[in-house]
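In: When you get a sec, could you give me coordinates for this:
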Amino acid sequence: MGKSRCYPSQKSLSNKFIGMLCCCCSESKYSKLDAQLEKKMSEEKVIRSSSGQISFNSSESIYSWFPKFKEGLKKIKGVFEQYDEDSNGAISREELSKCLGKFNLQLKEERINELFNSCDIDQSQEIQFTEFIVFLCLIDLLEEPSSSSSFKVISKELKETFDRIVDAFLFLDKNGDGKLNKKDVDKSLNEFYPWEKSPGNILKNPFMEMDQDRNGKVGFREFLFALIKWVGIDDSIGVERDSDEEISDIE
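Out: Now for the predicted structure:
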């Protein structure tokens, strides 16, 4: 347990997205899952708005959560390291199958492939740390555990982190259609922080940074990849395990 692994630097998220954009089949590859996410986020907007459960009411409140987002998401590193059996900084399909089996999450192979492909944005046939975060968040959002399932990868702290990420998206989704448009994003993010005072990892045109397929709208999956980058998590962080850190932290 006391060992530390420093993985080789991986491609940046921006370079991965460039690879995704160059793929002529990217739209069809992601469209089905992104449509499901739009529907889910639209439903969550209604539920959380009606019950007053959306945590954020300004861009300032979202930015103030960046350190908590980072700390919460880093809790995933223990599981990632455990199932990256060859220590190459990525999880293969075979390694991922073992991971899902460990948590007794019953998903059809077609569904696993769909989720895997939506996270493997550089089409390397492996998912790196940031992609693994997205994978788990999408499972938490879209998959309802059955009575026979014991998907325990989501701890209370990590569940709260995922929920607050959803809240951040819902705050920016003003019309509740499950996707973000440039006008609302620009207005919301500029409301309290002019760009010269915004967090350093956010570029001056955040919508274009999020809208990686350049279709004029941003779905939750695209937003999640951008947010992970903004809060300062990258594949090249060198996923390390402290001597006193246990896998049970997120089980």
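In: Quick check: chain neighbours aside, which residue is closest to the most centrally placed residue in the chain?
Out: What sits nearest the mean C-alpha location of the chain, by CA atoms, centre = their mean, is Val134, with 3.1 Å. Leaving aside its chain neighbours, Val134 sits nearest to Cys119 (4.8 Å; criterion: CB to CB, 6 or more residues apart in numbering). For the C-beta atoms, the positions are set from N, CA and C on the backbone; glycine is no exception.
In: distance of the one you found from Ser31?
Out: Using CB to CB, to the nearest Å, Cys119 is found at 15 Å from Ser31.
In: Give me the more crowded residue out of these two.
Out: Neighbours per residue (other CB atoms under 10 Å) separate Cys119 from Ser31, with Cys119 holding more: 22 against 13.
In: Please name the residues that touch that one.
Out: 127, 131-132, 134-135, 138 (CB atoms under 8 Å, 6 or more residues apart in numbering).
In: Now, these that are in helices?
Out: Under the assignment DSSP state H, the contacts of Cys119 contribute 131-132, 134-135, 138 to helices.
In: In this structure Asp211 contacts Gly219, no?
Out: No - with contact defined as CB atoms under 8 Å, Asp211 does not reach Gly219; the gap is 9.4 Å.
In: If I look at the residue nearest to the centre of the chain, what pLDDT would I see?
Out: pLDDT for Val134: 94.
In: try Asp34
Out: Confidence score, pLDDT, at Asp34: 91.
In: cool, and Lys70?
Out: Lys70 is given a pLDDT of 93.
In: Surely it is within a strand?
Out: No - counting by DSSP: H, G, I helix; E, B strand; the rest coil, Lys70 is not found in a strand; it is helix.
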